[in-house]
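> Sharing a model prediction with you, sequence too.
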Amino acid sequence: MSFFTMYVLFLYSAAYNIQQSLEGLGLSSSNFVVYNKDGILIDSYWSTSEAVVSIFSILIIYFLFLCVLLLFSGYILGRKKGVFITLIIMLIPGFLGLMDCAKYINWLPDKYIINGTGFLGSGIGLFSIVFMGMLTGWTIIIIVYSLFLFGERFRQSYDILWYSSALLAGVFFVSDTSTNLNLKESNETLVELRLTSRYFLEQVQKYESYCINNAIPERESCHWASEIQQLFHEYLTSSPKIYTFFGPSSINDIYSPLWHKRTAEQIFTIRTELKAYNNQVCPSNKINENFDKLPTISSTCQSIPIVFCNVAKTKDNDIFPLDVFGKQAIANECLTKKLVRLKNKFEKLEKITSQNAKEKHLKWFYYIVFSIIIGGKIANTTTKLFGVDNQSRHDRIFFICWLIKIGNFIFKLIKKIVDFVKKGVSFFLNNLKKSFFQFVTLFKICKKDK
């Protein structure tokens, strides 16, 4: 059995990658549900190994069919010698399996994302798929070319498809560059969120100390300063997805968190008290109509960095000004709006990231198609190198006869399988019908006895 180890793992890794991309596109799932006889859901579980069984089975059947085509292509290129060389090459993985070389290859991906779009599987799995794709394109073009002898014009026409496919691959490269820029912007926004949350937290902690030192803990703003620190700790440790879901949609979500809902009047009171605190700790003296004497910079009274206050003004800023260039002890008017703005930015980036995540799976399928086209391109060179154009009419007829025989064999095999399934279904229905009539007869007998 060790002879087949490399072949089995080769196909199994390919099945894993296909399942991951199908799951990334929402076309398949590794989540399974169990129902009882009454149709009631009783269990649910995840099993990637179970999900890949059907794909793995299809790949085994296709691989066997591909092996036949490879041998046939080998015969076209070199007759018996070509078949022998092709067979030896096909047996190399088996010999490597006998030498226990499979253990040195990481066949399966280190991570698998269930119901997600973030992963493409393992490199060896992708290689398995594109390698089979290349062999598929190679065998198809060799067989078709040898049957019809299209000539040099066919090769030149195929080059048009080849160059067009390569051009499309370049478009994907540009798209990947854009995706990387979006990822970079998302990481920079996350850093900005954490810096803003930390800066806000430090100011709130100083305000809480102010409330304690001045014995005014009963104020609404003091209650808020004591409890809201937990929220800022959450923001400091949030990922973009979590912040997109739980972050503040408006400034009221910061003044009125889930665990302590407040009315509009209470929120207005908090903002008024914080404004009074700023005026008290950082008072500005008016020199004349055009100039104010700003307070001295201290550990409490500072100019807010512009990065924390690059927000748009709103109507309520007439009552509660942003005061971007002034000195403030707590810049709540800027910072609350900044946190809301960051959530809106994350939501936009999340939509782009989600779209790009699905697009990369579509690109992955394109690479499979592209590998088939590459195989065709190699086949065109191979036919020219081995002089397939010079084959006689007798050889072409021989190939056609063999193709007809193989086609008839596959047709008969499929027909037998269909007939077997039909007989099985018919047998089941007949037994079901007999059982039903027996049940009806027994029911009538029991009814007469009563």
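All right, it came through fine. Quantities reported herein were computed from a predicted structural model and do not represent experimental measurements.
> Break down the chain into its helices, ranges please.
For the chain, applying DSSP state H gives helices covering 5-24, 48-51, 53-98, 123-148, 152-213, 220-227, 229-237, 240-246, 252-255, 264-281, 332-385, 393-449.
> Please identify the most buried of those.
Highest mean neighbour count of these: helix 5-24, a mean of 22 (counted as mean count of other Cβ atoms under 10 Å). In short, each C-beta sits where N, CA and C put it, glycine included.
> And that helix, how far out from the chain middle?
16 Å (Cα atoms, centre = their mean, to the nearest Å).
> Run the angle between that helix and helix 53-98 for me.
Orientation check (axes from the mean of the first three to the mean of the last three Cα atoms, to 10 degrees): helix 5-24 against helix 53-98 gives 150 degrees.
> just checking, what packs against helix 5-24?
helix 48-51, helix 53-98, helix 123-148, helix 332-385 (3 or more Cβ pairs under 8 Å, 6 or more residues apart in numbering; DSSP states H and E).
> For that helix, list the C-alpha coordinates in CSV.
Output of helix 5-24 as CSV, limited to C-alpha atoms (Å, rounded to 0.1, in the frame of the first residue of the first chain):
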residue,chain,number,x,y,z
THR,A,5,0.8,6.8,-0.7
MET,A,6,2.2,9.6,-2.8
TYR,A,7,-0.7,9.4,-5.3
VAL,A,8,-3.4,9.3,-2.5
LEU,A,9,-1.9,12.2,-0.6
PHE,A,10,-1.3,14.2,-3.9
LEU,A,11,-5.1,13.9,-4.6
TYR,A,12,-6.1,14.4,-1.0
SER,A,13,-4.2,17.7,-0.7
ALA,A,14,-5.8,18.9,-3.9
ALA,A,15,-9.3,18.0,-2.5
TYR,A,16,-8.6,20.0,0.6
ASN,A,17,-7.7,23.1,-1.4
ILE,A,18,-10.8,22.8,-3.6
GLN,A,19,-13.0,22.4,-0.6
GLN,A,20,-11.4,25.5,1.1
SER,A,21,-12.1,27.6,-2.0
LEU,A,22,-15.6,26.3,-2.4
GLU,A,23,-16.2,27.1,1.2
GLY,A,24,-14.7,30.6,0.8
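> Give the rounded mean pLDDT of that helix.
The average pLDDT within helix 5-24 is 85.
> want to try a markdown table for the helices of the chain, with distance to Leu322 as columns?
Putting the helices of the chain into a markdown table (distance: least, Cβ to Cβ, whole Å) gives the following:
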| stretch | distance to Leu322 |
| --- | --- |
| helix 5-24 | 43 |
| helix 48-51 | 52 |
| helix 53-98 | 58 |
| helix 123-148 | 51 |
| helix 152-213 | 15 |
| helix 220-227 | 18 |
| helix 229-237 | 20 |
| helix 240-246 | 23 |
| helix 252-255 | 16 |
| helix 264-281 | 12 |
| helix 332-385 | 5 |
| helix 393-449 | 74 |
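> among the ones you listed, which is nearest Lys313?
Closest approach to Lys313 among the helices of the chain is made by helix 332-385 (9.0 Å; Cβ to Cβ).
> so which of the helices and strands packed on helix 5-24 gets nearest Met6?
That would be helix 53-98 among these, by Cβ to Cβ, at 3.9 Å.
> Also compute the angle for that closest one relative to helix 123-148, please.
Using the same axes, to 10 degrees: helix 53-98 against helix 123-148 is 90 degrees.
> thinking again about what came up before, which one of the helices of the chain lies closest to Ile304?
Of all the helices of the chain, it is helix 332-385 that lies closest to Ile304, at 5.9 Å by Cβ to Cβ.
> next one: the closest one to chain centre, how far?
9 Å.
> Lowest mean pLDDT across the helices of the chain, which one is that?
Taking the mean pLDDT of the helices of the chain, helix 393-449 comes last: a mean of 67.
> can you list the helices and strands packed on helix 5-24 in a markdown table and add distance to Pro240?
Converted to a markdown table, those look like this (distance: least, Cβ to Cβ, whole Å):
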| stretch | distance to Pro240 |
| --- | --- |
| helix 48-51 | 26 |
| helix 53-98 | 32 |
| helix 123-148 | 27 |
| helix 332-385 | 5 |
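> To Cys309, which of the helices of the chain lies closest?
Taking these one by one with Cβ to Cβ, helix 332-385 is closest: 3.8 Å.
> In this structure Ser256 contacts Arg262, no?
Yes. Ser256 is within contact range of Arg262, at 4.1 Å (criterion: Cβ atoms under 8 Å).
> ok, these two, which is more surrounded?
Ser256 (20 against 17; other Cβ atoms under 10 Å).
> tell me the phi and psi of that one?
phi -130, psi 80 (degrees, to the nearest 10).
> Leaving out the residues flanking it, which one is nearest to Ile124?
Sequence neighbours aside, Ser13 is the residue nearest to Ile124 in space, at 5.3 Å (criterion: Cβ to Cβ, 6 or more residues apart in numbering).
> same check, this time on Cys67
Using Cβ to Cβ, 6+ apart, the closest residue to Cys67 is Met90 (6.4 Å).
> contacting residues around the one you found?
Met90 makes contacts with Cys67, Leu70, Leu71, as judged by Cβ atoms under 8 Å, 6 or more residues apart in numbering.
> do Gly375 as well
Going by Cβ under 8 Å, 6+ apart, the list of residues near Gly375 reads Gly133, Met134, Leu135, Thr136, Gly137, Trp138, Thr139, Ile140, Ile141.
> Check the spacing between the last one and Asp389 real quick.
The span separating Ile141 from Asp389 equals 14 Å under the rule Cβ to Cβ, to the nearest Å.
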